[in-house]
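**Student:** What would the 3D arrangement of this be:
(one chain, ligands or ions: 1)
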Amino acid sequence: MRYTDSLARSAEHLRAALPLMTRQRAALHPVSYAVWYEFVSARNLALHQAVLTHTRDGATLDEAQTWALYQDHIGSQLTSLDAATAQKVGDGLARVLDTMAASAAEAGQETARFDNSLNTWVEQLLGDPNQQTQADVLQELLSGSREIRGAVGALQSQLSQSQHEIEALRQEVRHARNEALVDALTGLSNRRAFDQALSTCLANSAHKPDDPKAAASTAPCLVLGDIDFFKRINDSFGHGFGDQVLRAVAQTLKTVAANDIITARIGGEEFALLLPRSSLDQAEGLAEKMRSTVAKGRIRRGEQAQEQQNVTISFGVTQLAPGESANDFLNRADRALYASKHQGRNRVTVLTSDSNDAQEPVKLRA
Ligand SMILES: Nc1nc2c(ncn2[C@@H]2O[C@H](COP(=O)(O)OP(=O)(O)OP(=O)(O)O)[C@@H](O)[C@H]2O)c(=O)[nH]1
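**Tutor:** Residues are numbered from 1 along each chain as shown. Reported below is the predicted structural model:
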């Protein structure tokens, strides 16, 4: 069960959530309650972080953002949890069937061996006319054994049919599981997949510390991107065109990023790229290439050639410091992104771990 808080604790979270919802003029429906409940209870770090990002500088969460947060951080978790359970059940069933099929095959071989022995005995007995009665009995035994063999054969083919069915089921579950990790609009990884990849990447990097003597030291790098003035695009040309812009930008990021880079849509118009092992310069170069490719592109709005829209995207780039938590890593990338927005947008900002102070000047590139 997802919510296991005691009554007193739930009431405490609710008391904390309600004033926030009022201040945010949040709509009063279960999706909105769930988002704010999870935010105040700090049970869901990714959601907590996303709400902070959306509401910085006193901004309010709108309906679309609330639904998107629910979809990315709460709803999809339930789906993939179900899928994980189904996968476990499927695997268990398949294991049982594998064992049964192996036993049945063994039983079949046993029976065939028994049948062969009987054949030999019958030939010997038929060679002796005085043993006619015993031979009749043995013939009967032989035909009985053939029946057994037929039955076991049927069982084997039944089991092999079931194995095919289970395999098909397994593939369906695998497919459902993958779907739960994919952002339906853009086809990129979703927030959940990104969070999983980030924690795996951090765990791996803890086991493989970087060589401090290497010239351009490599470590996990994070590139956060956020489309500029996206609200204006939605407001001017409609939500449908906004979605088209999201798909086009996602496609550009996917094309520019190499295969080993996790490319995710982690919020409404926010993207994240995780480079498992890279120098900060390489990560900055990648962000810069993405920024300029998006800025040069034109997205068609209608049938007329002049109905084209250009969009820009701001980036924040950082590299993991040794022993750093995922939260601090993400926060620094977010602050770098925020600096890009603050400095005029359509730019890449790199923030290193030793320039942790938000006030400290950061390296900017337009
Ligand atoms: N079309 C579309 N819009 C979305 C989606 N998810 C969030 N949005 C919208 O994205 C907009 C984000 O706006 P803001 O957070 O104000 O940011 P912005 O206008 O891009 O401004 P800056 O980031 O400061 O440049 C909001 O209007 C959301 O409704 C989505 O899936 N599709």
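
**Student:** what does the stretch 1-150 of the chain have sitting close to the ligand?
**Tutor:** 62, 64-65, 68 (CB under 6 Å from any ligand atom). From N, CA and C alone the C-beta is placed, and that goes for glycine too.

**Student:** at 5 Å what do you get?
**Tutor:** Within the stretch 1-150 of the chain, the residues that sit near the ligand (CB under 5 Å from any ligand atom) are 64, 68.

**Student:** Backbone torsions only: list them for Ile227.
**Tutor:** Per-residue torsions, Ile227: phi -60, psi 140 (degrees, to the nearest 10).

**Student:** Could you pull up the residues touching Gln309?
**Tutor:** Gln309 is in contact with 233, 237, 241, 245, 298-299, 301, counting by CB atoms under 8 Å, 6 or more residues apart in numbering.

**Student:** Give me the subset of those residues lying in helices.
**Tutor:** The helices, defined by DSSP state H, take in 233, 237, 241, 245 from those.

**Student:** on that earlier part again, show the buried residues in the contacts of Gln309.
**Tutor:** Among the contacts of Gln309, those classed as buried by 16 or more other CB atoms under 10 Å are 233, 237, 241, 245, 299, 301.

**Student:** Pick the one among these closest to Ala151.
**Tutor:** If you rank the buried ones among the contacts of Gln309 by distance to Ala151 using CB to CB, Val245 comes first, at 64.7 Å.

**Student:** how much space between the closest one and the ligand?
**Tutor:** Val245 sits at a distance of 7 Å from the ligand (criterion: CB to the nearest ligand atom, to the nearest Å).

**Student:** what does Arg232 give?
**Tutor:** Counting by CB to the nearest ligand atom, the gap from Arg232 to the ligand is 6 Å.

**Student:** give me the number of residues near that residue?
**Tutor:** 10 (other CB atoms under 10 Å).

**Student:** Can you show me the strands along the protein?
**Tutor:** 219-227, 262-265, 270-278, 299-300, 308-309, 313-319, 348-350, 363-365 (DSSP state E).

**Student:** Quick one: mean pLDDT over the last one.
**Tutor:** Mean per-residue pLDDT for strand 363-365: 44.

**Student:** Also the fourth one?
**Tutor:** pLDDT averaged over strand 299-300 equals 89, rounded to a whole number.

**Student:** ok, and does that strand reach over to the ligand?
**Tutor:** No - Strand 299-300 lies out of reach of the ligand by CB under 5 Å from any ligand atom, never closer than 12.6 Å.

**Student:** residues making contact with that strand?
**Tutor:** Residues contacting strand 299-300 (CB under 8 Å, 6+ apart): 244-245, 248, 307-311.

**Student:** ok, 7 Å please
**Tutor:** The contact list for strand 299-300 (CB atoms under 7 Å, 6 or more residues apart in numbering) reads 244-245, 248, 307-309, 311.

**Student:** Equivalent analysis for the second one, please.
**Tutor:** In this structure, residues lying in contact with strand 262-265 by CB under 7 Å, 6+ apart are 183, 186, 188-191, 193-194, 197, 250, 253-254, 257, 271-274.
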